[in-house]
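Asks: predicted coordinates and the sequence they were generated for:
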Amino acid sequence: MMRMPTGPGETGKVMEDAEQEAARRAAEAGQEAVVEAPVDSEAIEAAAAARALIRGRRQWPLPKQADPTAPLLTVENLRTHFKLESGWVKAVDGVSFRLDDGEALGLAGESGCGKTTTALSLVRLLPSNARIRKGSSIDLFGIDLVPKTEDQLRRYRWREISIVFQGAMNALNPVRRIGEQIAEPIEVRLGLTQDVARKRAAELLELVGIPRQRAAAYPHELSGGMRQRTMIAMALACDPAIVIGDEPTTALDVMVQAQILELLERLRRDLGLSLILITHDLSVIAETCDKTLIMYAGKVAEEGPVSRIFTAPRHPYTQKLLGAFPNIHADRRSLETIPGSPPDLRNPPAGCRFNPRCPAAMDICREVEPPEVVYPDGVRVACHLHVAGRDGAVGVTSADVVGWHRQLPVIEAPGVPAVASAGVAEPPGPGSQP
């Protein structure tokens with residue numbers, strides 16, 4: 001019997017259990033059900049109840065155009081390129097993934113692989129020379145954000161998707177008090193009065209472990225850890241569904257890093273947040289995330305549950321990446337190295353982009369781009385060493401990855417209002433475009 005969630009802290013586990021149960025039953029039946037999962041009414045009902053419970057804690061209704069049966073976020077075939085005098089840089093080139101309510105996804109890979117560009121593309125916080133190419137899709141509650149105008153996107157920035165930027169000292173305004181900076185998005189995005197916004201800012205500071213009296217402080221009067229907590233409080237100001245953490249623990253000492261990660265995990269559990277965490281530190285992903293997506297040269301190399309990726313990596317790049325990270329539980333050995341350098345994304349290599357550095361490269365790797373396959377354990381990999389039909393692997397398209405065919409019904413969770421449907425009223429204030 002699939003258990004039902006009893007509170008926000010239970011929802012992520014219930015949704016994970018539902019997915020794993022469906023995959024297990026599919027594997028036992030010998031079906032290719034990673035993409036087309038068998039109908040499991042109990043699992044679907046539990047996952048839908050978890051979704052309703054998380055969305056029911058929102059302070060504001062869903063956007064007017066939202067589809068209450070749609071996943072929280074689906075990104076399909078995202079291609080973000082940058083125009084230079086010497087040509088177009090294909091920074092993100094065909095990335096697809098899905099993020100569910102209450103889930104934490106970690107993006108990892110070398111510098112320049114497209115992690116930050118992928119995340120910033122979600123709300124189009126990109127430089128003027130960037131272009132999201134035709135055919136890309138970013139659906140939030142079933143609403144495609146790609147064709148939205150700049151004014152329309154303001155409805156979703158910070159109210160639905162917020163960001164904890166890397167380097168809090170650079171992100172905070174040095175001549176404004178932190179309480180004012182946290183209150184600003186509450187006033188601008190939600191249209192609330194200054195007094196209400198300041199009171200809410202003080203509450204948010206206490207939520208992240210900073211005394212409300214410090215709202216009058218300037219950024220330079222805070223320690224590095226307190227500045228990062230301030231950035232997290234600002235990201236929570238409008239009660240978003242998704243928080244993006246762009247290397248939020250960079251330049252912090254180990255103890256403060258642990259405190260920030262513990263804070264993020266507590267907030268995700270208590271508030272039902274979904275988290276996209278960008279980091280070079282694989283131990284951060286292992287500690288914080290449910291799924292991880294490994295990127296290389298603008299493409300997805302491997303994606304799957306953290307427990308599977310870290311214990312049985314399939315892509316040669318993932319294996320090398322994990323091998324380059326020290327493990328206190330493993331035998332003493334030299335760390336792995338990856339020879340060569342990442343490719344020039346103005347003219348990436350043909351076939352698999354990792355082939356010039358891959359120890360297992362074959363002739364086909366230099367000629368044909370590897371198709372993506374999904375294994376029964378939920379791991380998706382793009383490598384010619386892993387082909388459909390072997391060990392239960394199934395070939396998938398970008399549409400299969402985001403899983404629109406597995407929409408869940410609308411369910412009213414105990415103790416919370418029913419999930420808002422399309423056409424509900426917006427909260428007062430500016431920026432209420434659909």
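Replies: Nice, thanks for sending it over.
Asks: low pLDDT regions in this structure?
Replies: For the chain, the stretches with pLDDT under 70 are 1-48, 50, 56-57, 59, 330-333, 404-434.
Asks: run the last query once more with 50
Replies: Per-residue confidence of the chain (counting by pLDDT under 50) places the weak regions at 1-15, 18-19, 21-39, 404-434.
Asks: verify the assumption that Val256 is located in a helix.
Replies: Yes: under DSSP: H, G, I helix; E, B strand; the rest coil, Val256 sits within a helix.
Asks: identify the residue spatially nearest to it, adjacent ones excluded.
Replies: Gly225 (3.9 Å; Cβ to Cβ, 6 or more residues apart in numbering). For glycine as for every other residue, the C-beta is placed from the backbone atoms N, C-alpha and C.
Asks: which residues of the protein fall in helices?
Replies: Under the criterion DSSP state H, helices of the chain are mapped to 8-29, 41-56, 115-121, 150-153, 168-171, 178-190, 194-207, 224-235, 254-271, 282-288, 306-311, 316-323, 398-402.
Asks: out of these, deepest packed?
Replies: Mean neighbour count, computed with mean count of other Cβ atoms under 10 Å, is highest for helix 224-235 among these, reaching a mean of 24.
Asks: and the angle from that helix to helix 178-190?
Replies: Angle, helix 224-235 to helix 178-190, by axes from the mean of the first three to the mean of the last three Cα atoms, to 10 degrees: 20 degrees.
Asks: counting by contacts, list what helix 224-235 packs against.
Replies: Judged by 3 or more Cβ pairs under 8 Å, 6 or more residues apart in numbering; DSSP states H and E, helix 224-235 is in contact with strand 161-164, helix 168-171, helix 178-190, helix 194-207, helix 254-271.
Asks: need those in CSV with distance to Lys115, can you?
Replies: Formatted as CSV, these follow (distance: least, Cβ to Cβ, whole Å):
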stretch, distance to Lys115
strand 161-164, 13
helix 168-171, 18
helix 178-190, 24
helix 194-207, 27
helix 254-271, 17
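Asks: nearest to Glu367, of those?
Replies: Glu367 lies closest to strand 161-164 among those, at 38.7 Å (Cβ to Cβ).
Asks: and that closest one, how far out from the chain's middle?
Replies: Relative to its chain's centre, strand 161-164 lies at 11 Å (Cα atoms, centre = their mean, to the nearest Å).
Asks: and the contacts of it?
Replies: Strand 161-164 has contacts (Cβ atoms under 8 Å, 6 or more residues apart in numbering) with 119-120, 122-123, 125, 140, 228, 231-232, 234-238, 240-246, 248.
Asks: check the gap between Met255 and Ser223 for me.
Replies: 12 Å (Cβ to Cβ, to the nearest Å).
Asks: now Pro240
Replies: 26 Å.
Asks: kindly report the same for Ala297.
Replies: Taken as Cβ to Cβ, the span from Ala297 to Ser223 is 37 Å.
Asks: okay if I get the helices of the chain as a markdown table plus distance to Gly340?
Replies: Below are these laid out as a markdown table (distance: least, Cβ to Cβ, whole Å):
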| stretch | distance to Gly340 |
| --- | --- |
| helix 8-29 | 36 |
| helix 41-56 | 43 |
| helix 115-121 | 20 |
| helix 150-153 | 38 |
| helix 168-171 | 32 |
| helix 178-190 | 43 |
| helix 194-207 | 46 |
| helix 224-235 | 34 |
| helix 254-271 | 30 |
| helix 282-288 | 21 |
| helix 306-311 | 23 |
| helix 316-323 | 11 |
| helix 398-402 | 29 |
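Asks: of all those, which lies closest to Leu73?
Replies: Comparing the helices of the chain under Cβ to Cβ, the one sitting nearest is helix 398-402, at 9.1 Å.
Asks: which strands or helices does that closest one pack on?
Replies: Judged by 3+ Cβ pairs under 8 Å, 6+ apart, helix 398-402 is in contact with strand 73-84, strand 87-99, strand 372-374.
Asks: for the shortest one, enumerate the helices and strands it packs against.
Replies: By that I understand strand 372-374. Going by 3+ Cβ pairs under 8 Å, 6+ apart, strand 372-374 lies up against strand 380-382, strand 394-395, helix 398-402.
Asks: neighbouring strands for the second one, and are they parallel or not?
Replies: Paired strands of strand 394-395, with direction, are strand 372-374 (antiparallel) (DSSP bridges).
Asks: now Ala235: closest residue in space that isn't a chain neighbour?
Replies: Ser162 (4.1 Å).
Asks: so what sits opposite the one you found in the bridge?
Replies: Val243.
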